[in-house]
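K.L.:
From the sequence below, what's the structure:
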Amino acid sequence: MKKAAAKSPRHKQVVTLLLNRERISGYVDPSEVGRSPILNILTPQGEHKTVNMADIKSLYFVRDLDAPFEPAQKRFLSRPKLEGLWVRLRFRDEDVVEGMVSNDLLNLLDAGVQLTPPDLHGNTTRMFIPRSALLEMKVLGVVGVARRPAKDAVGAGGRAASQTTLFGE
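P.N.:
Below is the predicted model:
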């Protein structure tokens, strides 16, 4: 049986895809991703590698380092059920992927985008795409937003003015 490399409990398995299509598998601390211009990776062999964020196309958080990491499905087949912003990203190499991002604009102002891919049952659970790898990001829809009734439609007692009462209440 293969001995696993020592890693911190907070480190997650990732496959880093560089802009030159080279890939590096290993472990990273997700709290450090996007906070520095350099990504520190611990390989399964125990080597420490540093990669410039400007050289990264995408970072795939995976369940299994040995399984295929790129999602088989890059677009949603129908409107997603996850809450958040449904986005389409276009990379510098003209590759396109869709996913869901948090509906928190402060998170989108960071150094990159945290994305949930369309295939929730695949090997990739989450992706991080540095801003430098993107040409375009379009919002296709907002999913799961609670709608409030218009203020003038709500009467006394919190009921809509157009709502009828039963039995003369």
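
K.L.:
going forward, measure contacts and count neighbours with C-alpha atoms only.
P.N.:
OK.

K.L.:
ok, now which ones touch the residue most central in space within the chain?
P.N.:
What sits nearest the mean C-alpha location of the chain, by C-alpha atoms, centre = their mean, is Leu115, with 1.3 Å. If you count contacts by C-alpha atoms under 8 Å, 6 or more residues apart in numbering, Leu115 has them with 99-101, 126-129.

K.L.:
which one of those residues sits closest to Val143?
P.N.:
Distance ranking of these against Val143, using C-alpha to C-alpha, places Met100 first at 9.1 Å.

K.L.:
in the host helix or strand of the closest one, what's buried?
P.N.:
Following DSSP states H and E, the helix or strand that holds Met100 is strand 96-101. Buried residues in strand 96-101, defined by neighbour count with 16 or more other C-alpha atoms under 10 Å: 97-101.

K.L.:
Please convert the residues you listed to a markdown table, extending it with distance to Val139 and pLDDT.
P.N.:
As requested, these are exported to a markdown table (distance: C-alpha to C-alpha, whole Å; pLDDT from 0 to 100):
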| residue | distance to Val139 | pLDDT |
| --- | --- | --- |
| Val97 | 12 | 94 |
| Glu98 | 10 | 94 |
| Gly99 | 10 | 92 |
| Met100 | 10 | 93 |
| Val101 | 10 | 91 |
